[in-house]
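Q: Quick one, fold the following:
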Amino acid sequence: MKNTNTSADGIFLSSLFDTVKVRIQLSHEPLYEIVAKKNFLQYTGKKYQVRSRFGTFAIVASEKNRTSLTIEGSIPKFLTGQNLIGTEDLLTGTVELIDLVLLRAGILAAEAEKKRYREGTFQLLRVDYAKHVNCGTPKKARVFMTALRATVASTAYEYSAFNNETVYWGLFSNRRTLRAYNKGLEMEKHALGDKVYAATKLTREAQSMVRFELALRAEELARLNLRRASDWKVEVARELLEDFVKRLLPLDHKIPDVTGMDLLSPTLRDRLELWLRGCTDAFSRYPGSLSQARREVLLLTGIDIKNTLSHEEQKAHFQVLDEVMRAGWGYKCWQEKWEKLKAGKSKKP
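A: Model prediction:
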């Protein structure tokens, strides 16, 4: 990425921790008995979920003979009713989520149990970190998504897409998943409630945003030694997301241009000439390392021979991605708005 500043003049940016799943030590009654007390805990036939006053939900499950509890939910959605902006303080946000879920569910915690999880003594089973790329206009956001899909569809490992709107890498991985989607389209389908603070402004800003979201699950968190919230620093989350995105998008490479062919060896130049004429197996049909040939061609010409697009199409999409990422890739935590976001527009349940 060309722009990794924490802010940009006149550009709306946002980065935040979103969904977490935690395991806390807490002895409790059977959940079905708590449901009968008619708090905000309900059973759907498959799971127990707690409704926030914004209408969003968190999932709770009982474990180990009711001596521990897992809670899974979006920190910003449960606490504020939206997840376009939020907090990059994972520990505080997670504790606030646990406190409110227990309160809404009517699950009582002993003072020692409260002290334990409020000090950060709980286990992280999932952590999602997200940031938004500001594309400038709603139209440019749609163009950016088209370029993104076209650029990585034939080259990225474990790539998949949903309804031509959301793209995933590692969707079925039990370790980590990255997804990107048009945030404005998502918020059109799931409009913010009337209790959400600044709902109109947030909805308007979302129209030009593409969201990148990295989900890390228990196995990956254990590998990274990030199972405790106190181990997390915002720099760690940003670096993890940056590394994943950089491996997918060739933004640090040369802009695709056939003039760089003159710098290739005669053999590679001849094979690239065949590839440009439509011979898609021009490199794989001959002896030699395909991966090495790809690296050399990419370095000197910017053309990716593993991509099914023509070099003209690659160039056009690259220029869109490069332009947007230069101008709209950055980080901004809205911690100063956090209390107002949690308060919302109404004090009613």
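
Q: just checking, next helix/strand downstream of the helix or strand bottoming out on mean pLDDT in the chain?
A: With mean pLDDT, DSSP states H and E as the measure, the helix or strand of the chain carrying the lowest mean pLDDT is strand 159-162 (a mean of 79). Once the chain leaves strand 159-162, the next helix or strand it forms, by DSSP states H and E, is strand 166-169.

Q: Now the least confident helix or strand of the chain: buried residues?
A: Residues of strand 159-162 classed as buried: Tyr159 (neighbour count, 16 or more other Cβ atoms under 10 Å). (Each C-beta comes from the backbone N, C-alpha and C, glycine too.)

Q: quick one: contacts for Lys340?
A: By Cβ atoms under 8 Å, 6 or more residues apart in numbering, the residues touching Lys340 are Tyr197.

Q: Give the partner strands of the least confident helix or strand of the chain in its sheet and their orientations.
A: Partners of strand 159-162 in the sheet, by DSSP bridges, are strand 166-169 (antiparallel).

Q: Give me the next element, helix or strand, following the partner strand.
A: Scanning forward in sequence from strand 166-169 by DSSP H and E, the next helix or strand is strand 176-182.

Q: Against which helices or strands is that next one packed?
A: Judged by 3 or more Cβ pairs under 8 Å, 6 or more residues apart in numbering; DSSP states H and E, the packing partners of strand 176-182 are helix 138-152, strand 166-169, strand 209-217, helix 234-248.

Q: what sits up against the least confident helix or strand of the chain?
A: Here strand 159-162 makes contact (Cβ under 8 Å, 6+ apart) with 149, 152-153, 167-169, 171.

Q: try it again with 6 Å
A: Counting contacts by Cβ atoms under 6 Å, 6 or more residues apart in numbering, the residues outside strand 159-162 that touch it are 152-153, 167-169, 171.

Q: Any quick ChimeraX command for the buried ones out of the residues you listed?
A: Buried residues among the contacts of strand 159-162 (16+ other Cβ under 10 Å), as a ChimeraX selection:
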select :152,167,168,169,171
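
Q: what's the closest of the contacts of strand 159-162 to Arg23?
A: When the contacts of strand 159-162 are compared for distance to Arg23 (Cβ to Cβ), Leu171 wins out at 24.2 Å.

Q: what separates that closest one from Leu240, distance-wise?
A: To Leu240, Leu171 is 18 Å away according to Cβ to Cβ, to the nearest Å.

Q: cool, and Gly136?
A: Looking at Gly136 against Leu240, where the rule is Cβ to Cβ, the gap reads 26 Å.

Q: For the chain, give me the ranges with low pLDDT.
A: Low-confidence segments of the chain, defined by pLDDT under 70: 1-9, 154-157, 163-164, 250, 287, 346-349.

Q: distance from the centroid: which residue in it tops it?
A: The outermost residue of the chain relative to its centre, with distances by Cα atoms, centre = their mean, is Pro266 at 43.3 Å.

Q: Put together CSV for the contacts of strand 159-162, with distance to Ala130 on each row.
A: Putting those into CSV (distance: Cβ to Cβ, whole Å) gives the following:
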residue, distance to Ala130
Val152, 18
Ala153, 22
Val167, 15
Tyr168, 14
Trp169, 14
Leu171, 16
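
Q: now the helices for this protein?
A: Taking DSSP state H as the test, the helices found in the chain are 31-35, 75-80, 90-105, 111-118, 138-152, 183-189, 199-206, 218-223, 234-248, 266-276, 290-301, 311-328, 338-343.

Q: quick one, which of those is nearest to Ser62?
A: Closest to Ser62 of the helices of the chain, according to Cβ to Cβ: helix 31-35, at 5.5 Å.

Q: For that closest one, enumerate the helices and strands it packs against.
A: strand 41-43 (3 or more Cβ pairs under 6 Å, 6 or more residues apart in numbering; DSSP states H and E).

Q: what about Gly136 and Leu240, which has more around it?
A: Here Gly136 and Leu240 are set side by side on neighbour count (other Cβ atoms under 10 Å), and the busier one is Leu240, at 19 against 15.

Q: count of neighbours near the nearest residue to Arg104 once chain neighbours are set aside?
A: The shortest distance from Arg104 to any residue other than its chain neighbours is 4.2 Å, reached at Phe40 (Cβ to Cβ, 6 or more residues apart in numbering). Phe40 sits with 17 neighbouring residues when counted by other Cβ under 10 Å.

Q: Phe40 is in contact with Arg53, isn't it?
A: No - with contact defined as Cβ atoms under 6 Å, Phe40 does not reach Arg53; the gap is 8.4 Å.

Q: Next, format the helices of the chain as JSON lines and append distance to Phe12.
A: As requested, the helices of the chain are exported to JSON lines (distance: least, Cβ to Cβ, whole Å):
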{"stretch": "helix 31-35", "distance to Phe12": "41"}
{"stretch": "helix 75-80", "distance to Phe12": "16"}
{"stretch": "helix 90-105", "distance to Phe12": "21"}
{"stretch": "helix 111-118", "distance to Phe12": "33"}
{"stretch": "helix 138-152", "distance to Phe12": "12"}
{"stretch": "helix 183-189", "distance to Phe12": "11"}
{"stretch": "helix 199-206", "distance to Phe12": "5"}
{"stretch": "helix 218-223", "distance to Phe12": "30"}
{"stretch": "helix 234-248", "distance to Phe12": "18"}
{"stretch": "helix 266-276", "distance to Phe12": "41"}
{"stretch": "helix 290-301", "distance to Phe12": "34"}
{"stretch": "helix 311-328", "distance to Phe12": "9"}
{"stretch": "helix 338-343", "distance to Phe12": "15"}
